[in-house]
Every structure is written in C-alpha cells, then in structure tokens.
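**Q** What follows is a protein structure lacking sequence information:
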C-alpha cells in the first residue's frame, strides 16, 4: 500500500487500519480522533526527538540521549506533557516511540505530526504494508524515563 494513500485517508477519516506483513492489524489514529473506546495502551509514534516534548513531560539530558542513540525499536513510558490535549494517557503516563526508518517512519513523517498506533481489527484493514510494525512484536525493549534521570527497564 502506498504511503500517500494512507496519509490521505488519515487526513480524511482521522484513523486508518492496515495489515502489517506479520499478519497483525495496525490502526493509526490522528490524536484529535482518539477517544475513550480506543486502547489505553496505545502509543504515540514520532519520527524526531523534538516531537517528544509535545507528548511527554520534562526529561533529563540522559533520557534524551537514551532516546536519541537507541538502535533498536523501543517503547518509552514517561509522565505525560501538560501540553497533551488528547491521547492515550494512563495514570498520568504516556507511551511513545521514535521510528527512524522504514515504511512506518515514512507514514508518520509524511503526515508531519505524531500519530497514535494501536492494534486494530482485521475486518477494518484497508490494505497491507510490506513490513512488520516493529513495536507490536515480542522482544521490543521497554523503558520508563523520568524527569530526574531515573530509568527503569521493562516498565
């Protein structure tokens, strides 16, 4: 499926579900369209470090370095930003990841702002992307990052 087709559908409908090559349905949601029926475990997907401040609260320099130099797909949990108006915030915390390459990065980059990703429903899928979504598979690293530099693995 073409990136342009997905981005156009996101702009028109606010959410799109596609199948990834591993056979899992992945739903992408424009933050303004996230609602209480969506998964509270959903996560923001970003393409650049500067976008972190829009979804997460204050960070230490160490935490920013960890995010910047990560080489494997990692899901970060942190305290939600006061600027965050809508999205999956659970107990004051938000999950996010930065994708630096691949088709999923191209989709978020082309949309030009962070998107929310959650597991979708097979019947809602409008097409297939020839790449696995790297964050919905076993073995993904998980870290909690706090403003004072505390880092917890597996959180």
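**A** Arrived safely, thanks for sending. The model shown is predicted, which means the values in this text are computed figures rather than measured ones.

**Q** Check the secondary structure at the residue positioned nearest the centre of the chain for me.
**A** Nearest residue to the geometric centre of the chain (C-alpha atoms, centre = their mean): residue 45, 2.3 Å. Secondary structure state of residue 45, per DSSP: H, G, I helix; E, B strand; the rest coil, is strand.

**Q** quick one, what contacts it?
**A** 96, 97, 98, 99, 104, 108, 114, 115, 116, 117, 135 (C-beta atoms under 8 Å, 6 or more residues apart in numbering). Every C-beta, even on glycine, is put in place using the N, C-alpha and C of the backbone.

**Q** how about stretch 52-60: buried residues?
**A** The neighbour-count check on stretch 52-60 (16 or more other C-beta atoms under 10 Å) flags 52, 54, 55, 56, 57, 59 as buried.

**Q** List just the nearest of those residues to residue 39.
**A** Comparing the buried residues of stretch 52-60 against residue 39 with C-beta to C-beta picks out residue 55 as the nearest, at 16.1 Å.

**Q** Skipping adjacent residues, who's closest to that closest one in space?
**A** residue 44 (4.8 Å; C-beta to C-beta, 6 or more residues apart in numbering).

**Q** who's the one you found bridged to?
**A** residue 96, residue 116 (DSSP bridges).

**Q** what's the neighbour count on it?
**A** A count of nearby residues for residue 44, using other C-beta atoms under 10 Å, gives 27.

**Q** Give me the distance between it and residue 122.
**A** Note on residue 44: its distance to residue 122, by C-beta to C-beta, to the nearest Å, is 24 Å.

**Q** Give me the buried positions along stretch 69-88.
**A** For stretch 69-88, by 16+ other C-beta under 10 Å, it's 73, 74, 75, 76, 77, 78, 79, 80, 81, 84, 87, 88.

**Q** Which of the buried residues of stretch 52-60 sits closest to residue 144?
**A** Using C-beta to C-beta, residue 56 is the member of the buried residues of stretch 52-60 that sits closest to residue 144, with 11.0 Å.
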